[in-house]
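Chemist: just need the structure, nothing else, for what follows:
(chains A and B)
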Amino acid sequence: MIKTKDLSFDYIRRDEEGNVESITRALDEVNISVKPGDFVAVLGANGSGKSTFAKHLDAILMPTEGSVYVNGMPTTDEDKLLDIRRTAGMVFQNPDNQIIGTIVEDDVGFGPENLGIPTEEIWERVDKALDRVGMTKYRCDSPNKLSGGQKQRVAIAGIMAMKPKCIILDEPTAMLDPVGRREVIKTAKELNEKEGVTVILITHYMEEVIEADRVIVMDAGKVVLEGTPRQIFSRVEQLKSFRLDVPQVTALAFELNKRGIPLPPGILTVKEFEEEYIKALSALEGDA
Amino acid sequence: MIRDITIGQYYPENSIIHRLDPRVKLAGTLVFLVSLFLFKSFWGYIPAVIFLFTCIHLSKVPFKHIVKGLKAVVVLLSFTLLANIFFTKGTDLVFSWKFIKIYREGLEMAGFMAIRLTLLITGSSLMTYTTTPTKLTDGLERAFAPLKLFKAPVHEVATMMSIALRFIPVLLEETDKIMKAQQARGADFEEGGLIKRAKAMIPILIPLFISAFRRAGDLAMAMEVRCYHGGEGRTKMKPLKYKLRDLIAYLILAAYLAVVIFIGKKLH
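Modeler: Residues are numbered from 1 along each chain as shown, chains lettered A, B, ... in the order given. Presented below is the predicted three-dimensional model:
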């Protein structure tokens, strides 16, 4: 579905005469491949290059070195630009700055209109997309009246109406409250499971990563860790060195383990912790 | 405080005027505006007033709401009135005191202007009261479509307009936030003379501009990602189609124009 080969990108800062003042390497030889139907989370602290990476997947930025392929099409191919963007849709961080229409349903129809889809089919697509994200009730409202989480769901519907094979969510929850965050992540997860849409979620919230099939951790423009959420979160110390936290239960289990309670590494949920903790306690009692 | 501006804001209602095609309403407004400048006699305004009041009645927009909209232009209105009264030279002197001379012609002129401006503003705001911004820009795009032959960027201008309309409430909210933030830091917007107050606006305007530019950048990216590539090959989710009522409305407009021209000729 999506593949990057030795992808590197430099931010070049120039002075007023156009001379190069400084070069910052934002991405450094990133090699990633995402299979169709995957739910992949890209994790990284501020300045780790994760957003720059996301912008490469939709041909907003072009690699300085290396290449990006979306469904086999290189992003540098100008003629394929629209094809690439209808294959991989993207949702951004700020919910206010990506809604174009003055009414919810108009906004969802914006993408299909650009693709030149016949009117009746646009309506079908808009109906379906709004239904998928649970926003049918608000279809005739102004986006200004919606909450942040609802606006992001409208933005996701706008992408879904273009029938993409892959959705890239670039920190979609960074500006939302906890309720809105859960709404958006739940929607993304459902689309992945029910529609088989490939989801690439860029984030720095650990809790959102737990549901992913695969987690990619980035630091200073490089991919530093890759694996299932359990594998990733069993490396508490290493994650801390990348300025990342682990979910609270995982951290608790890690600390207890250090103090001699035999808990397995990489516990992700409270329920899991409960079971493992009872097991560990009875094991301790058995020893005594 | 900024939100009090009601002039031209859409008034949701389900009336025949609301349902008309925006192109009909654009044409109607144009015809109405032209009709106001056809004659120089008070009698000539009677058909215009009747026409306007019928439209207001049909639109179900409360009269109070329309009067409230007029308040915003009272300053402009009184300025033109006074200018006409004091600066029109004529032959029939009505009042004079030191250097002030008021002629009958001036009073008449002022009366004309007052009626004209009031009707003009009420007429054009009735259009925006009954048409959503989206429909309005759609209508404008279609109405000016022939200009595309001369390479005029009709689609682009229409898109810009609809985006501007979409972001007005967002930017208003932002202005409010910035004002409060600056007030919290001790900024004073209420006191001092005109110049001092104007200067006090700088700490509001600069952050507002920066944020507007950032928003514009983000929005451009979001539009690109959704395959926006200009008006070429674009379809419409809600295409404009004329219905029977629109044709009837056009006929009524033509009849109105004929009546006005006829009366205008008679009075001259």
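
Chemist: every contact and neighbour count from this point should use C-alpha atoms.
Modeler: Noted.

Chemist: helices along the chain, start to end?
Modeler: No chain in the question, so chain A it is. With DSSP state H as the criterion, chain A has helices at A:50-57, A:81-87, A:104-114, A:119-132, A:148-160, A:178-195, A:229-233, A:236-241, A:248-258, A:270-287.

Chemist: oops, chain B please
Modeler: B:16-19, B:22-36, B:45-59, B:63-71, B:74-87, B:104-130, B:133-143, B:154-184, B:194-200, B:202-225, B:244-267.

Chemist: with distance to chain A added, can I get those in TSV?
Modeler: As requested, the helices of chain B are exported to TSV (distance: least, C-alpha to the nearest C-alpha, whole Å):
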stretch	distance to chain A
helix B:16-19	16
helix B:22-36	16
helix B:45-59	21
helix B:63-71	22
helix B:74-87	30
helix B:104-130	15
helix B:133-143	7
helix B:154-184	5
helix B:194-200	28
helix B:202-225	5
helix B:244-267	21
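
Chemist: of all the ones you listed, which lies closest to A:Glu105?
Modeler: Among the helices of chain B, the nearest to A:Glu105 by C-alpha to C-alpha is helix B:133-143 (12.0 Å).

Chemist: what's opposite A:Ser8 in the beta bridge?
Modeler: Beta-bridge pairing of A:Ser8 under DSSP bridges involves A:Glu65.

Chemist: verify the contact between it and A:Gly49 for me.
Modeler: No. Taking contacts as C-alpha atoms under 8 Å, A:Ser8 lies outside contact range of A:Gly49: 10.4 Å.

Chemist: still on that earlier bit, in TSV, list the helices of chain B along with mean pLDDT.
Modeler: Putting those into TSV (pLDDT from 0 to 100) gives the following:
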stretch	mean pLDDT
helix B:16-19	90
helix B:22-36	92
helix B:45-59	90
helix B:63-71	83
helix B:74-87	86
helix B:104-130	87
helix B:133-143	86
helix B:154-184	88
helix B:194-200	85
helix B:202-225	93
helix B:244-267	88
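
Chemist: tell me which of those helices lies nearest to A:Asn97.
Modeler: Closest of the helices of chain B to A:Asn97 is helix B:202-225, at 5.2 Å (criterion: C-alpha to C-alpha).

Chemist: within range of chain B, give me the residues from chain A.
Modeler: A:58, A:60, A:82, A:85-86, A:89-92, A:96-102, A:106, A:109-111, A:113-120, A:122-123, A:144, A:159, A:162 (C-alpha under 8 Å from any C-alpha of the partner chain).

Chemist: need the helices of chain B in TSV (columns: mean neighbour count).
Modeler: Converted to TSV, these look like this (neighbours: other C-alpha atoms under 10 Å in any protein chain shown):
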stretch	mean neighbour count
helix B:16-19	19
helix B:22-36	20
helix B:45-59	16
helix B:63-71	15
helix B:74-87	14
helix B:104-130	20
helix B:133-143	20
helix B:154-184	16
helix B:194-200	12
helix B:202-225	16
helix B:244-267	15
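
Chemist: now tabulate the ones you listed in CSV and tack on distance to B:Lys236.
Modeler: As requested, these are exported to CSV (distance: least, C-alpha to C-alpha, whole Å):
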stretch, distance to B:Lys236
helix B:16-19, 19
helix B:22-36, 15
helix B:45-59, 27
helix B:63-71, 33
helix B:74-87, 40
helix B:104-130, 22
helix B:133-143, 10
helix B:154-184, 12
helix B:194-200, 44
helix B:202-225, 16
helix B:244-267, 20
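
Chemist: mutual contacts of A:Ser8 and A:Gly49, please.
Modeler: By the contact definition C-alpha atoms under 8 Å, 6 or more residues apart in numbering or on different chains, A:Ser8 and A:Gly49 are jointly contacted by A:26-27.

Chemist: okay, the most centrally placed residue in chain A: pLDDT?
Modeler: Closest residue to the average C-alpha location of chain A: A:Leu201 at 1.1 Å, with C-alpha atoms, centre = their mean. At A:Leu201, the model reports a pLDDT of 95.

Chemist: separation between it and A:Arg235?
Modeler: 21 Å (C-alpha to C-alpha, to the nearest Å).

Chemist: show me the shaky parts of chain A.
Modeler: A:288 (pLDDT under 70).

Chemist: per the record, what domains does it have?
Modeler: Listed domain ranges for chain A are A:2-229, A:247-288 (source: automatic domain parsing).

Chemist: which residues does B:Phe39 contact?
Modeler: Going by C-alpha under 8 Å, 6+ apart, B:Phe39 touches B:264, B:267.

Chemist: err, A:Ala45, not the other one
Modeler: By C-alpha under 8 Å, 6+ apart, the contact set of A:Ala45 is A:204, A:218-219, A:242-244.

Chemist: before we move on, what about B:Asn14?
Modeler: B:Asn14 makes no contacts at all, as judged by C-alpha under 8 Å, 6+ apart.

Chemist: what's the domain layout of chain B?
Modeler: Using automatic domain parsing, the domain ranges for chain B come out as B:2-131+B:242-267, B:148-225.

Chemist: double-check B:Val94 against B:Arg104; I have them as touching.
Modeler: Yes. The criterion here is C-alpha under 8 Å, and B:Val94 meets it with B:Arg104 at 6.0 Å.

Chemist: distance from the longest strand seen in chain A to the middle of the chain?
Modeler: Assignment by DSSP state E gives strand A:20-34 as the longest strand of chain A. Relative to its parent chain, strand A:20-34 has a centroid offset of 19 Å by C-alpha atoms, centre = their mean, to the nearest Å.

Chemist: how about it: buried residues?
Modeler: By neighbour count on 16 or more other C-alpha atoms under 10 Å in any protein chain shown, the buried set for strand A:20-34 is A:25-31, A:34.

Chemist: same question for stretch A:265-284.
Modeler: By 16+ other C-alpha under 10 Å, the buried positions in stretch A:265-284 come out as A:265-268, A:273, A:276-277, A:280.

Chemist: residues in contact with stretch A:233-249?
Modeler: Stretch A:233-249 is contacted by residues A:44-45, A:204, A:206-207, A:219, A:250-251, A:254, A:265-270, A:273 when judged by C-alpha under 8 Å, 6+ apart.

Chemist: before we move on, what about stretch B:212-229?
Modeler: So stretch B:212-229 is contacted by A:58, A:60, A:82, A:85-86, A:89-92, A:97-100, A:110-111, A:114-115, A:159, A:162, B:171 (C-alpha under 8 Å, 6+ apart).
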